[in-house]
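J.: Provide a 3D model corresponding to the input given below.
(one chain, ligands or ions: 2)
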Amino acid sequence: MAPKMLNFITGNENKLTEVKAILGDTVDLQSQSLDLVEIQGAIEEIAADKCRRAAEAVKGPVLVEDTCLCFNALKELPGPYIKWFLEALGHDGLNNLLAAYPDKSAQAVCTFAYCEGPGHKPVIFQGRTNGKIVPARGPTNFGWDPIFEYQGQTYAEMDKVEKNKISHRFLALEKLKTWLQSEA
Ligand SMILES: Nc1ncnc2c1ncn2[C@H]1C[C@H](O)[C@@H](COP(=O)(O)OP(=O)(O)OP(=O)(O)O)O1
Ligand SMILES: [Mg+2]
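T.: Ligands and ions are numbered 1, 2, ... in the order given. A predicted model of the protein is given here:
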């Protein structure tokens, strides 16, 4: 059964803002701020595990999201560890990681996981946007957005409405919406 209300558990306000903007009033979106433990492993496993932890923490239905930035020349690393790479290396350091490689292409991957409550199996919805890593351009208020270029513009340079029409998060939420409608 599709939930009437989604409780999005995240410690990241920018994510919450984008999810609200993309879902609009199609869903009743609640939110709780929790910084959940994230395991190592495949992207889907990390999201599913994060979802189980969130369901245990709030003792009810939850939606979580995990974002990865995958450099193709680096066999998809930093991937789920982008948060720590970004904190340690900054935008210049992330560009420098690719200095030895001609291929600057990257994928922004957004994985949502929904779970009905403790003990239930999480359902996964994933979106991927292809782009490339460039020296930072545009406002610096959202993580790696200034170094991820999509069709000539970085995410940071893009108009928010335009970004939310093509982003990895939009593509994943389209799948979530389709699932919610099919279960209704
Ligand atoms: N456009 C973007 N979309 C999502 N995350 C981004 C973006 N730009 C930068 N980031 C950052 C935020 C984090 O440092 C990292 C993603 O790590 P992740 O664990 O998914 O987020 P988080 O820890 O900030 O929130 P959460 O509490 O939902 O896990 O990438
Ligand atoms: Mg996190």
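J.: where does pLDDT dip in this structure?
T.: 1 (pLDDT under 70).
J.: which residues of it lie near ligand 1?
T.: 10-12, 15, 35, 38, 65-67, 82-83, 86, 142-145, 155 (CB under 6 Å from any ligand atom). In short, each C-beta sits where N, CA and C put it, glycine included.
J.: count of neighbours near the residue in the chain that ligand 1 sits nearest to?
T.: Residue nearest to ligand 1 within the chain (CB to the nearest ligand atom): residue 143, separated by 2.0 Å. Residue 143 has 20 neighbours, counted by other CB atoms under 10 Å.
J.: isn't residue 20 up against residue 27?
T.: No. Residue 20 lies out of contact with residue 27 (CB atoms under 8 Å); the separation is 9.7 Å.
J.: just give the number of residues close to residue 92.
T.: 10.
J.: that one belongs to a helix?
T.: Yes. According to DSSP: H, G, I helix; E, B strand; the rest coil, residue 92 belongs to a helix.
J.: tell me where this structure has helices.
T.: Under the criterion DSSP state H, helices of the chain are mapped to 13-23, 43-58, 82-97, 160-166, 168-183.
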